[in-house]
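*Asks:* I'll drop the sequence and a predicted model, then ask my questions.
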Amino acid sequence: MTPAWITAALLGVAVLLGSVRLILWHRAAVAPSLKRLIALLLLQPICAALLFLTLFPPAISSGGDALRIATKGTSRLAIAGGPLILLPEAPDIGAGERVPDLATALRRHPGTSEIMVLGDGLQPRDVESAKGVAVRFDPPPLRPGIRHIAPPAIVAPGASFSIGGQLSALPRVTVELLDPAGQLTDSVQPDVDGRFILTGTARAAGTVLFTVRVREGRRTVEQASVPVLIADGPAPRLLILSAAPNAEVKYLRRWASDAGFAVTTQISAGGGIALGDAPIAIDGATLRRFDAAIIDDRSWAARRGVLMGAVRDGLGLILRATGPIDAATRGQWRALGFGLAGKDGVAPLALPKPLTPALARTRQGIGSDDVPADIALPDEMLPEISRLGLTPDGGGDSVPLLRDAGGATLAAWRAVGNGRVALFTGIDSYALTLTGYRTLYGDWWSAMLATVARAAPGMTPISTPAWAGERMLLCGLSGNAQVERPDGRMASILPMDGCGSLWPDQSGWHLLRKSGDSPPTPFYVQPADALPMMRAARDRDAMLMLRPPAPGDRKATGQQRPGSSWPFALGWLLVSALLWWLERARIGRTVAPQSAK
């Protein structure tokens, strides 16, 4: 039995005997007070516990190999405890050792194997240094704001693009997208997890800033600039194959030409008669000249071998249905990895509410009010818009790409070799352009072709978010790459492990100039105070990926040593004095009446 257990047993016996003594004294008293007895009985075990903690104070981790690191948001209550290190962003809490970074703190305190991070967490500057020690971190809850924004990659002039994001602790808000002129382009309600997708339309080539605005009623909660790089490039080459002339091919060709595609159409009219453009041989050499192809189900069976060979070589292919498909086609599409589920035949296609005329003009790039928006026909004049009853999300290897307003999957895609194949189950989608859904029609086909089309050579965008005054990494650089600031001054890049470190000192569009004849790559640097919740979420995620102390790892958890006993000694002294006074004071006692002589 250890000394601590022996002492605890003796103190317990003493408390028990003292309680018995108090109860007997209370019963023998002339005018007993129940409240006084209860107070004395409660104070005795408290006094014994404080005496035990004075003799055997609780063990704490030794400060020799554990440091407490104060970061932004650290409370002043963190003064008490072991050694405290103040990083540059930590507030002045009246104690601690101020250091320029975590690496300096670890050099000044050799042998440190564990750190306890207080406040909001380490900055990206210190995350690499923290990988060599065990890290204790209790992240604070994220405050309301924009947690993440994913800007689009390079966009072609006139093309539509999507901006995704997620909000934090903002359940009942509206997220809006404004174009560079301040016109409303899109407006959505985030889902239960705060995620949203906004759609915009690019204009002329160049670098522009769209704005994501979060509104609660009429109040703007937060807004942020989203960089969009619009670059000219060679017109994507599109091949449309159809087994018969129909309205779908007519409207699809018209949309693709307006969207900047170089379109070639091959339509079979039967009896060896071909319509559309000049006939071409559908073979591997010809298909290598195209970036994407769209083929209907009736033309698929005769050409699937050569088309799939071209897909493995990098061609993008979209399979579309013209109506209910037969068993052979269904089996062939399933063999491609599309897990078709549901019933055969045709099902209704659920459409969202049409855009308002003003919003439709903005999304279509129309800048004048005298150009009419989509015409909404009366219900009795609406063409039929339907889809296959089979949906391409029945457990295959495909990835859902489009859904209708009812949640049914309209399109899915999967990779095959160096290319991609998509399956579109919409039937007579051209009718969208006649029913007030012209923008939706363009969004659908633009999303499918952008997903599967052969990747065109060109500049690689820099998608990593950057803030003024914070280090950013640029990779894939040559030996003498430089960055041109918004004011025209050049900034050097510090080489580091195949990449380069840059400390931008101002916000705005920068140009990465590489050696040789390669064109400069624009990238945007956010202001230092922009998107604070996005930076906090990024740092929080990086902190949670660091190595925590392992249970039983003595080096990681730190050696235990007795803590300070003077707070418990002071408490024991105060409680003992209160007991002494309460036993002898007349408070709570009832004076017995004096008998008459």
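*Replies:* Structure's in. What do you need? Everything numeric in this text was worked out from a predicted model, so none of it was measured.

*Asks:* pLDDT below threshold where in the stretch 351-500 of the chain?
*Replies:* Low-confidence segments of the stretch 351-500 of the chain (pLDDT under 70): 354-384, 394-396, 457-459, 478-479.

*Asks:* same thing but 50
*Replies:* Applying pLDDT under 50 to the stretch 351-500 of the chain flags residues 366-377, 379-380.

*Asks:* Show the residue spans covered by the helices in it.
*Replies:* Along the stretch 351-500 of the chain, counting by DSSP state H, counting those that start in this stretch, helices occupy 357-363, 438-452.

*Asks:* outside of the longest one, which residues touch it?
*Replies:* Read that as helix 438-452. Residues from elsewhere that reach helix 438-452 (Cβ atoms under 8 Å, 6 or more residues apart in numbering): 159-160, 162, 199, 236, 238, 251-252, 255-256, 259, 261, 292, 316-318, 351-352, 355, 360, 363-364, 374, 401-402, 410-411, 413, 419-422, 424, 426, 429-430, 432-433. C-betas here are computed from N, CA, C, even on glycine.

*Asks:* hang on, Val416 packs against Gly309?
*Replies:* No. With contact defined as Cβ atoms under 8 Å, Val416 does not count as touching Gly309 (10.2 Å).

*Asks:* average pLDDT across whichever helix or strand Trp300 is part of?
*Replies:* Using DSSP states H and E, Trp300 falls within helix 297-312. Helix 297-312 shows a mean pLDDT of 92.

*Asks:* oh, and call the first residue 26 from now on, that's how I've got it
*Replies:* Renumbered: residue one is now 26, and that last one reads helix 322-337.

*Asks:* Next, the closest residue to Leu66 other than its chain neighbours: phi, psi?
*Replies:* Distance criterion Cβ to Cβ, 6 or more residues apart in numbering; nearest residue to Leu66, sequence neighbours excluded, is Ser44 at 5.7 Å. Main-chain dihedrals, Ser44, degrees, to the nearest 10: phi -70, psi -40.

*Asks:* Find the residue closest to Arg133 in space, skipping its chain neighbours.
*Replies:* Val124 (7.1 Å).

*Asks:* List the ones among the contacts of helix 463-477 that fall in strands.
*Replies:* 185, 187, 224, 263, 317, 341-343, 426-427, 435-436, 438, 444-447, 449, 451 (DSSP state E).

*Asks:* close enough to count as contact, Ile222 and Gln191?
*Replies:* No. Using Cβ under 8 Å, Ile222 is not in contact with Gln191; the gap is 10.4 Å.

*Asks:* and the two? which has more neighbours close in?
*Replies:* A count of neighbours by other Cβ atoms under 10 Å puts Gln191 above the other of Ile222 and Gln191, at 18 against 15.

*Asks:* Next, the buried residues of the one helix or strand the more buried one maps to.
*Replies:* Assigned by DSSP H and E, Gln191 belongs to strand 185-193. Buried residues in strand 185-193, counted by 16 or more other Cβ atoms under 10 Å: 185-188, 190-193.

*Asks:* Please parse the protein into its domains.
*Replies:* 28-83+590-609, 86-158+572-587, 262-477, 493-550 (automatic domain parsing).

*Asks:* quick one: which of those is nearest Leu254?
*Replies:* Taking Cβ to Cβ, domain 493-550 is the member of the domains of the chain nearest to Leu254, at 5.9 Å.

*Asks:* what sits opposite Ser526 in the beta ladder?
*Replies:* Under the criterion DSSP bridges, Ser526 forms beta bridges with Leu498, Leu519.

*Asks:* again but with Phe221, I slipped
*Replies:* Bridge pairing for Phe221 - DSSP bridges - gives Gly190.

*Asks:* Okay then, goodbye and thanks.
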